[in-house]
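Asker: Got a sequence here, can you build the structure:
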Amino acid sequence: MRLKHVLPLRKEVSMHFILGTIILALFILAIRVIWHTLKSARLWFSQHWALWQTARLRQASVMPALLPPRFTAQNSLPATDWETLSQTVRQGILDRNNRPTYRLETLDIELQVKQKTQAIMLADIEIAKLQLSLAQAQELLAQPAKKRRKTQVEGPAKRPNPASALRNALGGGKEGSRSAVH
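Answerer: Below you'll find the model as predicted:
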C-alpha cells in the first residue's frame, strides 16, 4: 500500500524537475538575447555618435560663422593642392604605361594568350577529327557482316622454290638418296 503512494509522488517530482529545467533554460536564453541586444545597441549608438561628431566638425569648416569658436579650430595639416597631386598621379601613370618594359610585358602576355588560344583551337580540330573517325567506325560496326563466297581468283603465277631446283640439278631427283642434312 505504501508503494502505491510513493510512485505518483515520484512522477510529480520528475515532472517538476523537467519543467524547472526548461524554464531555467528559457530564462538563460532570454538573458543572453537581451545582453546581445544591449551590446549591439550600444555599438550602434557609439558609431552614430562618432559620425555625428565628425559631421559636425566638417560642417564647422564649411560654415564657421554659425558655430562657437571652440568647434571652428582648423587642423594643423597644410592645405592639399589637389591639382598638383592629380597632375603627379597622371604623370606617374603615363610614365608607367610608356616605359619599354611595361609595353614588352603587355605584348608578352598578349602573345601567350594567343598561343594558348591557338593550341585550344588545334585541340578542338583534333577532337573533331577523332569524333568523325569514331562515327565512321561505329557505322561500319553497325552494318551486318556480309558472307564471302569462295571464288577462284587467279593470282600471280607461282614460282618454283630455288632450293628444290638446286637439289634436282645436283643429282637428286625425288627417287634419289637423301642428304645427311635432311
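Asker: Run through the chain and note the low-pLDDT ranges.
Answerer: Where the chain drops to pLDDT under 70, the residues are 1-11, 58-78, 148-157, 172-182.
Asker: and this structure, what are its domains?
Answerer: What automatic domain parsing lists as the domains of the chain is 1-74, 83-142.
Asker: Does anything pack onto the host helix or strand of Glu126? Which helices or strands?
Answerer: Using DSSP states H and E, Glu126 maps to helix 100-142. The helices and strands touching helix 100-142, judged by 3 or more Cβ pairs under 8 Å, 6 or more residues apart in numbering; DSSP states H and E, number zero. Bear in mind the C-beta positions are built from the backbone N, C-alpha and C, glycine included.
Asker: Who are the packing partners of the helix or strand that that helix is followed by?
Answerer: Using DSSP H and E, the helix or strand that follows helix 100-142 in sequence is helix 162-169. Packing partners of helix 162-169 (3+ Cβ pairs under 8 Å, 6+ apart): none among the helices and strands.
Asker: How far off centre is helix 162-169?
Answerer: On the basis of Cα atoms, centre = their mean, to the nearest Å, helix 162-169 is displaced by 78 Å from the centre of the chain it belongs to.
Asker: re the thing from before, quick one: the helix holding Glu126 to chain centroid distance?
Answerer: Relative to its parent chain, helix 100-142 has a centroid offset of 21 Å by Cα atoms, centre = their mean.
Asker: would you turn the domains of the chain into CSV with mean neighbour count?
Answerer: Listed next are these as CSV, based on neighbours: other Cβ atoms under 10 Å:
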stretch, mean neighbour count
domain 1-74, 10
domain 83-142, 10
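Asker: May I see those domains arranged in CSV, with distance to Ala163 as well?
Answerer: Formatted as CSV, these follow (distance: least, Cβ to Cβ, whole Å):
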stretch, distance to Ala163
domain 1-74, 107
domain 83-142, 43
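Asker: Between the ones you listed, which one is closest to Pro162.
Answerer: Among the domains of the chain, the nearest to Pro162 by Cβ to Cβ is domain 83-142 (42.4 Å).
Asker: which is the next helix or strand following whichever helix in the chain runs longest?
Answerer: Identified as the longest helix of the chain according to DSSP state H is helix 2-62. Using DSSP H and E, the helix or strand that follows helix 2-62 towards the C-terminus is helix 82-98.
Asker: what's the angle from that following helix to helix 100-142?
Answerer: Angle between the axes of helix 82-98 and helix 100-142 is 50 degrees (criterion: axes from the mean of the first three to the mean of the last three Cα atoms, to 10 degrees).
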